[in-house]
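Engineer: Sequence first, then the predicted structure, then my questions.
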Amino acid sequence: MKLDACSLKSLSKMELRVLSAVEMGMKNHELVPVELIYSISKLKPSGFRKGLRQLLFNKLVHHEQRGYDGYRLTNLGYDVLALNTLLCRGSISQIGDKIGVGKESDVFLAQNEKGNKLVLKFQRLGRTSFRAVKEKRDYLKHRKSASWLYLSRLAAQIEYRCLKAFYKAELPVPKPIDANRHCICMQYIENSIQLSDATKLVNPFAVYEKCITMMEKLLKIGVVHGDFNQFNILLDEHENVFLIDFPQVISINHVDAEYYFEHDLSCLQDFFAKFDLDLCSVAQLSFQEIKKELDTSEHAKFLNLDEDVDENNSEDEGNEHMMQSSVNNVENYNDEAELDYDVEKDKCYSDIVKKVRDEWKVSESKTSRLRPNMKQSRKARQEIKSVNSFF
């Protein structure tokens with residue numbers, strides 16, 4: 001589903017509160033019971049019912065029946081929660097067009113209050129183009145299974161941690177600004193293109209040397225990029241190189257570290273081979289030599305990639321920020337909603353829903369012959385029924 005920033009703009013604080021309650025319920029439930037969402041949100045029935053309907057209408061949550069009425073976040077709903085937190089923090093003020101699509105992420109332009117351009121990267125693990133991530137990445141650790149939203153958040157946390165460490169080590173990477181859930185906010189490199197799009201270079205040999213130097217610096221702080229190629233290198237107008245995309249970074253002590261390092265080096269050499277360069281004149285990197293040098297050095301500084309990721313920090317921080325931003329309005333809103341709540345009107349509405357449901361009741365044998373628009377209408381009525389049936 002495409003990211004639509006208008007979905008966030010049109011949502012009320014109470015709708016965001018219900019959305020946050022669904023997210024918190026998903027920590028222990030794949031499909032969150034409507035009773036639990038109601039309990040977490042701590043809203044009056046009228047406000048809760050109105051908020052849940054609006055979330056269904058905007059496709060921020062998905063409704064299913066598995067013996068009980070339950071809801072789960074959609075990718076768009078998770079995007080809205082992350083964007084809301086970044087907006088509340090003041091990290092961004094506007095979001096622009098999509099500028100990149102990868103096998104596991106979407107990249108958007110953004111802007112802060114000062115007018116500076118930023119980049120928002122949303123992790124999208126679970127796409128059909130890359131569903132083997134659970135086998136190829138060490139995200140799960142002690143877990144046997146996890147949702148794609150959870151894995152996307154872990155990937156974003158790992159990448160943001162690497163981005164901050166590399167920037168602190170003065171490596172040529174975009175400046176990290178902020179992160180929340182599966183979204184990373186970073187500096188926008190002006191007038192830059194992917195190295196893969198560069199058909200002509202003024203000094204290709206100098207660019208190659210910069211890339212090799214960057215690989216060497218990564219090794220000396222104890223990491224291997226794992227996907228160091230022309231698609232993850234940005235080139236500005238002065239032919240300065242910037243490295244991006246870090247979810248696959250591994251420690252130099254990883255069992256497959258040497259394999260990935262040699263693979264990265266081979267990809268880089270294959271790309272620059274089309275510029276007819278004499279690559280033999282550049283000092284060849286040796287993984288074993290650098291690793292041996294680091295093992296014997298007393299002053300070697302390693303980047304710790306094996307530390308446990310705080311599984312609750314990102315979500316709780318966003319939830320707490322959102323809850324605090326609306327908690328002052330909850331009591332007033334509940335009072336207003338209670339005053340505006342018309343029992344007879346709601347009863348009349350329930351009667352209309354029941355009448356429509358009875359008129360459109362079709363046996364299971366005929367369901368497969370319904371037209372698509374009729375199926376969608378039935379699904380919408382079932383979702384309305386699930387909300388009303390709780391009250």
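Structural biologist: Good, I have the coordinates.
Engineer: Strands along this structure, start to end?
Structural biologist: Secondary structure of the chain by DSSP state E: the strands cover 32-33, 61-65, 69-73, 94-101, 105-111, 117-123, 176-180, 183-187, 193-194, 223-224, 233-235, 241-243, 250-251.
Engineer: Give me whichever of the ones you listed is most buried.
Structural biologist: A comparison of those by mean neighbour count, using mean count of other CB atoms under 10 Å, puts strand 223-224 on top with a mean of 26. C-beta here means a position set from N, CA and C on the backbone, and glycine is covered the same way.
Engineer: Mind giving me the packing neighbours of that one?
Structural biologist: strand 250-251, helix 257-272 (3 or more CB pairs under 8 Å, 6 or more residues apart in numbering; DSSP states H and E).
Engineer: Quick check: can you name the pairing partners of the first one and their directions?
Structural biologist: Right, strand 250-251. strand 223-224 (antiparallel) (DSSP bridges).
Engineer: Low-confidence stretches in the stretch 51-200 of the chain?
Structural biologist: 127-146 (pLDDT under 70).
Engineer: The stretch 1-150 of the chain: helices as residue ranges?
Structural biologist: 5-10, 13-25, 34-41, 45-57, 75-89, 133-136, 148-168 (DSSP state H, counting those that start in this stretch).
Engineer: name the helices or strands packed onto the second one?
Structural biologist: Judged by 3+ CB pairs under 8 Å, 6+ apart, the packing partners of helix 13-25 are strand 32-33, helix 34-41, helix 45-57, strand 69-73, helix 75-89, helix 313-340.
Engineer: picking up where we left off before, could I get the strands of the chain as TSV with distance to Ala21?
Structural biologist: As requested, those are arranged in TSV below (distance: least, CB to CB, whole Å):
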stretch	distance to Ala21
strand 32-33	8
strand 61-65	10
strand 69-73	10
strand 94-101	24
strand 105-111	26
strand 117-123	22
strand 176-180	18
strand 183-187	20
strand 193-194	41
strand 223-224	39
strand 233-235	40
strand 241-243	39
strand 250-251	37
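Engineer: And stretch 33-50, what's buried?
Structural biologist: Of the residues in stretch 33-50, 34, 36-38, 40-41, 43-44, 46-50 count as buried by neighbour count, 16 or more other CB atoms under 10 Å.
Engineer: what about that stretch, average pLDDT?
Structural biologist: When pLDDT is averaged along stretch 33-50, the result is 90.
Engineer: how long is that stretch end to end?
Structural biologist: Using CA to CA, to the nearest Å, the end-to-end distance of stretch 33-50 comes out at 17 Å.
Engineer: Equivalent analysis for stretch 273-285, please.
Structural biologist: One end of stretch 273-285 sits 17 Å from the other (CA to CA).
Engineer: who touches it?
Structural biologist: Applying CB atoms under 8 Å, 6 or more residues apart in numbering, the contact partners of stretch 273-285 are Leu201, Pro204, Phe205, Tyr208, Glu209, Ile212, Met215, Glu216, Leu219, Leu265, Gln269, Phe272.
Engineer: For PyMOL, write a command that selects the buried ones of those.
Structural biologist: Selection of buried members from these for PyMOL, criterion 16+ other CB under 10 Å:
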select buried, resi 204+208+212+215+219+265+272
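Engineer: For the contacts of stretch 273-285, work out which two are farthest apart.
Structural biologist: Leu201 and Leu219 (24.8 Å; CB to CB).
Engineer: Relative to Tyr260, which of the helices of the stretch 1-150 of the chain is closest?
Structural biologist: Taking these one by one with CB to CB, helix 133-136 is closest: 11.0 Å.
Engineer: With Glu289 as the reference, name the closest of the strands of the chain.
Structural biologist: Among the strands of the chain, strand 223-224 sits nearest to Glu289 (CB to CB), with 14.6 Å.
Engineer: Next one: Thr213, what pLDDT does it get?
Structural biologist: Note for Thr213: predicted pLDDT of 91.
Engineer: Residue ranges in the stretch 251-391 of the chain under the pLDDT threshold?
Structural biologist: 283, 297-391.
Engineer: Now distance to Ile244 too, for the helices and strands packed on strand 223-224, in JSON lines please.
Structural biologist: What follows is the helices and strands packed on strand 223-224, written out as JSON lines (distance: least, CB to CB, whole Å):
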{"stretch": "strand 250-251", "distance to Ile244": "17"}
{"stretch": "helix 257-272", "distance to Ile244": "14"}
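Engineer: from memory Leu118 sits against Cys185, does it?
Structural biologist: Yes - Leu118 lies in contact with Cys185 (CB atoms under 8 Å); the separation is 5.7 Å.
Engineer: can you list residues touching both of these two?
Structural biologist: With contacts taken as CB under 8 Å, 6+ apart, Leu118 and Cys185 have Ser91, Ile92, Ala110, Ile177 as neighbours in common.
Engineer: Can you tell me how far the last one is from Leu163?
Structural biologist: Read it as Ile177. Look at Ile177 and Leu163: by CB to CB, to the nearest Å, they are 10 Å apart.
Engineer: Find the residues that touch each one of the two.
Structural biologist: With CB under 8 Å, 6+ apart as the test, Ile177 and Leu163 both reach Met186.
Engineer: coming back round to it: can you check which of the helices and strands packed on strand 223-224 gets nearest to Leu234?
Structural biologist: Closest to Leu234 of the helices and strands packed on strand 223-224, according to CB to CB: helix 257-272, at 14.2 Å.
Engineer: list the helices and strands the closest one packs on?
Structural biologist: Where contact means 3+ CB pairs under 8 Å, 6+ apart, helix 257-272 is packed against helix 204-220, strand 223-224, strand 250-251, helix 287-296.
Engineer: Which of those sits closest to Glu64?
Structural biologist: strand 250-251 (36.9 Å).
Engineer: closest to Arg72 among the buried residues of stretch 33-50?
Structural biologist: Among these, and counting by CB to CB, the member closest to Arg72 is Ile37, at 10.5 Å.
Engineer: got the contact list for that closest one?
Structural biologist: By CB under 8 Å, 6+ apart, the contact set of Ile37 is Val18, Ala21, Val22, Gly25, Phe48, Leu52, Tyr71.
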